[in-house]
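K.L.:
would you be able to build a 3D model of this:
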Amino acid sequence: MHPEKQIRLLPPELQNQIAAGEVVERPSSVLKELVENSLDAGATRIRIQIRDGGQSSIKVSDNGFGIPEEQLELAVTRHATSKLENLQDLQDIKSFGFRGEALPSIASVSRFRIASARQDGDGGALEVLHGRIVRQDKTAMPQGTEIEVSDLFSNVPARLKFLKKPGTETRKCAELVARIALANPHVDFEFLNAERSVHRFLAGQEVSQRLAAIWPREVVESMHAVSHEDEPLSIHGLVGDPAMAQARPDRILIYVNGRPVQDKTILSAIREAYRGRILGKEYPQAVIFLCIPPDEVDVNVHPAKTEVRFQDDGSIFRIVRRAVLLTLERNSHQTQTVDHSQPLSISQVHTTLPVMEPRFSASAQAQVETGPNLPIYDQDWPQKFASSAAAQKLFETPDGAFPKADQSSRHTPAFQPSSDPTSAQKAPTPSEVRYLGQFAQTYLILAARSEITLIDQHAAHERVLFNMLRAQSTRGDRRPLLLPLEISLHPAQAILAQEIWTKLDELGFSLELAPGLLMLHSIPTLLTPSKAKEFLQDILTEKATSMEDLWAMMACKAAIKAGDTLTPDEAMALVESWQKLPEKNYCPHGRPVALRWGVSDLEKLFKRRS
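P.N.:
Purely as a prediction, here's the structure:
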């Protein structure tokens, strides 16, 4: 520090502008503070109007309880607030605002006017220019408060040049209003851009109704309600169907005690609940409201109040994940057991037991390489299946089931009705569902009276193998290699290999670590030597560490691939094994296993109907 520099108290105007740098980032930041003040004032009707993206004008009026005329000057003074009185109040915050910084910060970088009345009739008004009060007088107005912010950042050119185009700033303001409106269905919101109405949310609307105004209707209609309590916490909201996942995370909205926030813990919990239902690069839609005792969450982390800190992050993660997961499983279960129009009605047998099929014969385990057309299950099992009494009925079909060019000595497999007496709906007749063959040596084609279904053979087999590995857990079978395989290792990969050494042993690997090399002496029976080497190289590159990740990658390596030719027996053996799984709609990486088109869908595609 230079000797001529002295410590001095900054002037109030400079203090406010420094505070404004944290609180007032852009017009939507101003709008957020003003709307939250209206909500704290008990308003049930809030009207918002902006011009030029909010830079020229932002006006917010409400019907809250208002501010006494003699306290208007205090309202634009730093650290003056009606929402806190002592330290205990700071630990039990129930209001949106509490710092006493928003209004003076906004007033310091704009032309600011506030008018308020405690009851209809007489009120007061105050005008501030760049932090200096220029006028104060009485005014006649209905009960409530009206604040107008004009010429935002006109005295801070450096901040003004960082604003986006008016259209972009308008969109951000509209998104903010919609997000706040979702958490306050009892409040009537109206948002106008100049004189044009952008949003109108009527009091008493459901969350889904308000959501339909900002998201595509088909997305909203596919969402499932979340409701979960784990005292003293509760979670409610909506989560999207996995089939509607998208590439961007902009449709995940998180609220803590009604406050819109950005929180990595809750976001991670939501994504983890969708694990295996969507691709790793995809994001679901979700609107999650977490209610938590105020003393278990700190909202006083940042002046913008968009971040929070939980007393127990781990507990929050587990509860949110469980709430979302139960909702997805409940709706998935209803889809599988009630709606017989869903993909693959080949079997009406629904079980929650892990499927151990396919089992591996001793001869298959002893093989070093698997033939190009042999699926990774007991090669004799399809024939055993085909010779059983149930299969004889399954493969009985009327003549002409296949086009002439595709007929062979094998019968076309048809649907076998379920003998389960608990089935709530009439099972299809044997002629209703038929296996028609492979398309592009990748997709299995099933046809019914009113629908056609394509099954991705790799995804289906991947799901079967994944469930088998998860059911076996630590009982991974292995087979020795005549000559050990060698994999070159980077030092970082060697460290990772040591970290997951026990898990690799559980999978069926027998390994030896040498300087710069990983030696494979035994490999899992599921994998060929080349696939085992490829598997280890992939996990050491992608840094997979959890057993779920390892099972998923092994299942992917071992499963039949696109381009593998399957006989009808092999195809039906795969379909029957897959159909019995409790979680079968998606492969372990989240890709759909089956796609279905009904008659109405085909009529729309061929433009027979609109």
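K.L.:
residues of stretch 124-134 that come out buried?
P.N.:
Buried residues in stretch 124-134, counted by 16 or more other Cβ atoms under 10 Å: Gly124, Ala125, Leu126, Glu127, Val128, Leu129, His130, Gly131. For every residue, glycine as well, the C-beta is placed using N, CA and C.
K.L.:
surely the last one and Ser110 touch.
P.N.:
Read that as Gly131. No: the criterion here is Cβ atoms under 8 Å, and Gly131 misses it with Ser110 at 9.4 Å.
K.L.:
His233: how many residues sit nearby?
P.N.:
Actually, residue 233 is Leu rather than His. 17 (other Cβ atoms under 10 Å).
K.L.:
equivalent analysis for the one 10 residues further on, please.
P.N.:
Burial measure for Ala243: 12 neighbouring residues, criterion other Cβ under 10 Å.
K.L.:
dig out what the residue nearest to it when sequence neighbours are not counted forms beta bridges with.
P.N.:
With Cβ to Cβ, 6 or more residues apart in numbering as the measure, Pro592 is the residue that lies nearest to Ala243, at 6.8 Å, once sequence neighbours are left out. Assessed by DSSP bridges, Pro592 has beta-bridge partners Tyr586.
K.L.:
who are the contact partners of Pro592?
P.N.:
Pro592 sits next to Ala243, Asp456, Ala459, Asn585, Tyr586 when contact means Cβ atoms under 8 Å, 6 or more residues apart in numbering.
K.L.:
now do the last one against Val220, distance only.
P.N.:
Relative to Val220, Tyr586 is positioned 22 Å away (criterion: Cβ to Cβ, to the nearest Å).
K.L.:
one more: the first one?
P.N.:
Using Cβ to Cβ, Ala243 is found at 14 Å from Val220.
K.L.:
and the fourth one, by the same measure?
P.N.:
Remark: distance between Asn585 and Val220 (Cβ to Cβ) = 21 Å.
K.L.:
ok, now the third one?
P.N.:
Distance, Ala459 to Val220, using Cβ to Cβ: 28 Å.
K.L.:
how many residues are close by Ala440?
P.N.:
By the criterion of other Cβ under 10 Å, Ala440 has 7 neighbours.
K.L.:
spatially nearest residue to it, not counting backbone neighbours?
P.N.:
Using Cβ to Cβ, 6+ apart, the closest residue to Ala440 is Ala562 (7.6 Å).
K.L.:
that neighbour is in contact with His458, isn't it?
P.N.:
Yes: here Ala562 reaches His458: they are 5.6 Å apart, a contact under Cβ under 8 Å.
K.L.:
now the lengthiest helix in the chain: buried residues?
P.N.:
Assignment by DSSP state H gives helix 313-337 as the longest helix of the chain. Neighbour counts over helix 313-337 (16+ other Cβ under 10 Å) mark 316-317, 319-321, 323-325, 327-328, 331-332, 336 as buried.
K.L.:
export the residues you listed to a markdown table and tack on pLDDT?
P.N.:
A markdown table is the format used below for the buried residues of helix 313-337 (pLDDT from 0 to 100):
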| residue | pLDDT |
| --- | --- |
| Ile316 | 92 |
| Phe317 | 92 |
| Ile319 | 93 |
| Val320 | 94 |
| Arg321 | 92 |
| Ala323 | 94 |
| Val324 | 94 |
| Leu325 | 91 |
| Thr327 | 93 |
| Leu328 | 90 |
| Asn331 | 83 |
| Ser332 | 72 |
| Gln336 | 44 |
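K.L.:
who's in contact with the longest helix of the chain?
P.N.:
224-228, 230, 233, 235, 239, 241-242, 265-266, 268-270, 272-274, 277, 286, 288, 290, 292, 310, 342, 350, 583-585.
K.L.:
burial measure for Glu175, as a count.
P.N.:
Neighbours of Glu175 (other Cβ under 10 Å): 14.
K.L.:
does it lie in a helix or a strand, and which?
P.N.:
Assigned by DSSP states H and E, Glu175 belongs to helix 166-182.
K.L.:
taking the mean pLDDT, what do you get for that helix?
P.N.:
Averaged over helix 166-182, pLDDT sits at 94.
K.L.:
centre of the chain to the helix or strand following that helix, how far?
P.N.:
Next helix or strand after helix 166-182 toward the C-terminus (DSSP H and E): strand 188-193. Centroid separation for strand 188-193 versus its chain: 28 Å, with Cα atoms, centre = their mean, to the nearest Å.
K.L.:
strand partners (parallel or antiparallel) of strand 188-193?
P.N.:
Paired with strand 188-193 in the same sheet, following DSSP bridges, are strand 45-51 (parallel), strand 196-201 (antiparallel).
K.L.:
turn those into a markdown table, columns for mean pLDDT, mean neighbour count and distance to Cys173.
P.N.:
Rendered in a markdown table, the data for the strands paired with strand 188-193 read as follows (pLDDT from 0 to 100; neighbours: other Cβ atoms under 10 Å; distance: least, Cβ to Cβ, whole Å):
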| stretch | mean pLDDT | mean neighbour count | distance to Cys173 |
| --- | --- | --- | --- |
| strand 45-51 | 96 | 21 | 6 |
| strand 196-201 | 93 | 15 | 9 |
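K.L.:
for the ones you listed, give me a markdown table that also has distance to Ala494.
P.N.:
Shown next, in a markdown table, are the strands paired with strand 188-193 (distance: least, Cβ to Cβ, whole Å):
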| stretch | distance to Ala494 |
| --- | --- |
| strand 45-51 | 58 |
| strand 196-201 | 57 |
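K.L.:
element containing the residue nearest to Cys587 when sequence neighbours are not counted, please.
P.N.:
Nearest residue to Cys587, sequence neighbours excluded (Cβ to Cβ, 6+ apart): Ala459, at 3.9 Å. Assessed by DSSP H and E, Ala459 sits inside helix 457-472.
K.L.:
and that helix, what does it pack onto?
P.N.:
Contacts defined by 3 or more Cβ pairs under 8 Å, 6 or more residues apart in numbering; DSSP states H and E place helix 457-472 against strand 443-447, helix 547-558, helix 568-579.
K.L.:
so for it, mean pLDDT?
P.N.:
86.
K.L.:
show me which positions of stretch 133-144 end up buried.
P.N.:
For stretch 133-144, burial by neighbour count (16+ other Cβ under 10 Å) applies to Met141, Gln143, Gly144.
K.L.:
next: stretch 269-281.
P.N.:
For stretch 269-281, burial by neighbour count (16+ other Cβ under 10 Å) applies to Ala269, Ile270, Arg271, Ala273, Tyr274, Arg275, Gly276, Arg277, Ile278.
K.L.:
again with stretch 166-174
P.N.:
Of all the residues in stretch 166-174, those buried under the rule 16+ other Cβ under 10 Å are Pro166, Glu169, Thr170, Arg171, Lys172, Cys173, Ala174.
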